[in-house]
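[1] Sequence first, then the predicted structure:
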Amino acid sequence: MVRTPGFHPVNRGSIPLGAAIKYKNMDYTNLKNQDSEIFLNIEREVKRQTEEMELIASENYVSKAVLEAMATVLTNKYSEGYPGKRYYGGNQVIDDVETIAIERAKKLFQAEHVNVQPLSGSPANASVYFAFLKPGDKVLGLRLDHGGHLSHGHPVNFSGLLYDFVQYSADSETGRVDMDAVESIAKKEKPKMIVAGYSAYSREIEWQRFKEIADQVGAIAFADIAHTAGLIAANEMDNPVPIFDVVSTTTHKTLRGPRGAMIMCKTEHAKKIDRAVFPGMQGGPHDHITAAKAVAFGETQKPEFKIYARQVIKNCQALSDKLINLGYKIISNGTDNHLIVIDLSKNGLVGKDAEQTLEQVGISISRSTIPNDPNPPYNPSGIRIGTPAITTRGMKEAEMEQIAVWIDNALNNKNNQNKLTSIKEEVKTMCLNFPIPSI
Ligand code: DSN
């Protein structure tokens, strides 16, 4: 053996598999000892999540297994490229992990091709546009104030700045997308792409009709199912993947995986999509997150997940019914999924105030625009509420009734500090009775 001067290795054999990882239940001792400032803030957030109620429609709690997969040495690796065709050495394990994630996602959504590398929802959507469009091309997307996403053509977003978006609307009476109107706009405008799938929309989407309209005008049909992916994977909502050309989703909302995204498409578009993600949009994928995505997709295939997804919808419907009963105006008068949008304009309230009042009682929600909102997105006329996180805690219809009453009491007593404090205590008691599985 040729030795480098000064280098005297001791033969320690090799690490047996199964003993390589010893996390001591992830007790965070090293973080605590080395960086008490960050450790303390993480502790504060654990306390907040444990004691408070999460009703933000896009948030959820991952499992311990997903958390553990994220906190691994896979974060140390660079792996630009795809399985079997990387631009860095040492990717044998990463290739296997990424392939497992891809195969699980394909099975879950009946997808022909999957790219699991997008870092988050907007970069995934940017990759889809990049794959099919040139700057200035015409695209149809739902208006932000009607439930669409910023990356579906809002003028302040890259999508609205780079592409010529024409926006369609939800009907102001029914709160539902008017498909006849979509068809006539599409025939008039002849877009290159039509975007469906939304962030603040509580009804089933007519995927088949969208695809037929796209085909009639020669447009690519693109679905963004970030919000409902978990409900679709569990067969609780209609699946656009077998129908549409291309579908993006984040992995951390109803799908209950790590923060991140993926793109699914027909085989004929696979090369375009892969090239758009890498080298078009991104460099190295986040391999620890890919592992956590694979773990989440494994969980999503289990029967317990189907029960969970069904309960998310039942809970949202129970919450919606009770709020309607208490006099609130729900856009579209109910829900088919995990979220509702409440129009507060008749209650003498605006979204920002309502969000801040509910925060004082330990309930997190997000302000939301309502269709044709006269107010700006920063202080819109409504709020959006969702049930994915509280359902992960095990709450059911009875708890939804109580939560609706607390929301109503808090909004009606926004200047009564004693009342707000006492609701906060009740909210905390309920939360402590429904522990977060991963904490
Ligand atoms: N920010 C997400 C949401 O709350 O809907 C979408 O990107």
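    That came through fine.
[2] remind me which residues of this protein are low pLDDT?
    Applying pLDDT under 70 to the chain flags the ranges 1-5, 9, 15, 18-26.
[3] How many residues are close by Gly351?
    Residues lying near Gly351 (other C-beta atoms under 10 Å) number 28. (C-beta placed from N, C-alpha, C; glycine too.)
[4] what's near enough to touch the closest residue to it other than its chain neighbours?
    Once flanking residues are discounted, Gly351 sits nearest to Arg367: 3.2 Å by C-beta to C-beta, 6 or more residues apart in numbering. Neighbouring residues of Arg367 by C-beta atoms under 8 Å, 6 or more residues apart in numbering: 350-352, 354-355, 379-380, 382-384.
[5] Find the closest residue to the ligand in the stretch 301-439 of the chain.
    Per C-beta to the nearest ligand atom, Ser366 is where the stretch 301-439 of the chain lies closest to the ligand, at 6.1 Å.
[6] Now the phi/psi pair for that residue, please.
    When read as degrees, to the nearest 10, the backbone of Ser366 gives phi -120, psi 140.
[7] Give me the neighbour count for it.
    Here the count is done by other C-beta under 10 Å, and Ser366 has 20 residues near it.
[8] Tell me who's in contact with the residue in the chain that the ligand sits nearest to.
    Nearest residue of the chain to the ligand, counting by C-beta to the nearest ligand atom: Ser58, 3.3 Å away. Contacts for Ser58 (C-beta under 8 Å, 6+ apart) come out as 199, 226-227, 250, 253, 366, 386.
[9] export the residues you listed to TSV and tack on distance to Asn125 and secondary structure?
    Shown next, in TSV, are the contacts of Ser58 (distance: C-beta to C-beta, whole Å; DSSP: H, G, I helix; E, B strand; the rest coil):
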residue	distance to Asn125	secondary structure
Ser199	11	coil
Ala226	9	coil
His227	13	coil
Thr250	10	strand
Lys253	15	coil
Ser366	20	strand
Gly386	21	strand
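[10] And these, which two are furthest apart?
    The span of the contacts of Ser58, defined through C-beta to C-beta, is set by Thr250 and Ser366 at 15.4 Å.
[11] and the residue nearest to Gly351, that one's in a strand?
    Yes - applying DSSP: H, G, I helix; E, B strand; the rest coil, one finds Arg367 inside a strand.
[12] Would you convert the contacts of Arg367 into JSON lines that also reports secondary structure?
    Compiled in JSON lines, these are given as follows (three-state DSSP):
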{"residue": "Val350", "secondary structure": "coil"}
{"residue": "Gly351", "secondary structure": "helix"}
{"residue": "Lys352", "secondary structure": "helix"}
{"residue": "Ala354", "secondary structure": "helix"}
{"residue": "Glu355", "secondary structure": "helix"}
{"residue": "Asn379", "secondary structure": "coil"}
{"residue": "Pro380", "secondary structure": "coil"}
{"residue": "Gly382", "secondary structure": "strand"}
{"residue": "Ile383", "secondary structure": "strand"}
{"residue": "Arg384", "secondary structure": "strand"}
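[13] Give the burial count for Gly218, as a bare number.
    Other residues near Gly218 come to 9 when the count uses other C-beta under 10 Å.
[14] I figured it was touching Lys190, is that so?
    Yes - Gly218 is within contact range of Lys190, at 7.5 Å (criterion: C-beta atoms under 8 Å).
[15] before we move on, back to that, filter the contacts of Ser58 to the buried ones?
    Applying 16 or more other C-beta atoms under 10 Å to these, the neighbour count classes 199, 226-227, 250, 253, 366, 386 as buried.
[16] any idea which of those is closest to Val405?
    The closest of the buried ones among the contacts of Ser58, once distances to Val405 are taken by C-beta to C-beta, is Gly386, at 18.2 Å.
[17] do you know how far Asn235 is from Ala226?
    18 Å (C-beta to C-beta, to the nearest Å).
[18] swap in Pro376?
    23 Å.
[19] Same question for Val277.
    Per C-beta to C-beta, Val277 is found 16 Å from Ala226.
[20] now swap in His286 and tell me
    18 Å.
[21] now Gln282
    Distance of Gln282 to Ala226, computed by C-beta to C-beta: 18 Å.
[22] Same check on Thr249?
    Using C-beta to C-beta, Thr249 is found at 5 Å from Ala226.
[23] Give me the most central residue, the chain.
    When C-alpha atoms, centre = their mean is applied to the chain, the residue found nearest the centroid is Lys253 (3.3 Å).
[24] and the stretch 51-200 of the chain, which residues reach the ligand?
    Contact residues (C-beta under 6 Å from any ligand atom) of the stretch 51-200 of the chain with the ligand: 58, 121, 149, 199.
[25] Report the two of these separated the most.
    Greatest spacing in these, by C-beta to C-beta: Ser58 and His149 (10.3 Å).
[26] what's the overlap in contacts for these two?
    Common contacts of Ser58 and His149, defined by C-beta under 8 Å, 6+ apart, comprise 199, 226.
[27] Contacts for stretch 420-427 next, please.
    Residues outside stretch 420-427 that contact it (C-beta under 8 Å, 6+ apart): 52-53, 357, 360-363, 406, 409-410, 413-414.
[28] In ChimeraX, how would I select just the buried ones from those residues?
    Under the burial definition 16+ other C-beta under 10 Å, those of those that qualify are selected in ChimeraX by:
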select :52,53,357,361,362,363,406,409,410,413,414
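[29] mind listing which of the contacts of stretch 420-427 are in strands?
    Among those, the subset assigned to strands under DSSP state E consists of 53, 363.
[30] Show me which positions of stretch 416-428 end up buried.
    Of the residues in stretch 416-428, those buried (16+ other C-beta under 10 Å) are 420, 423-424, 427-428.
[31] Specify which member of the contacts of Ser58 is nearest to Arg86.
    Closest approach to Arg86 among those (C-beta to C-beta): Thr250, at 25.0 Å.
[32] Can you verify my assumption that that closest one contacts Ala124?
    Yes - with contact defined as C-beta under 8 Å, Thr250 reaches Ala124; the gap is 7.5 Å.
[33] Between those two, which contacts overlap?
    By the contact definition C-beta under 8 Å, 6+ apart, Thr250 and Ala124 are jointly contacted by Ala261.
[34] where do the strands sit along the stretch 301-439 of the chain?
    Ranges of strands in the stretch 301-439 of the chain, per DSSP state E, counting those that start in this stretch, are 329-330, 339-343, 363-364, 366-368, 382-386.
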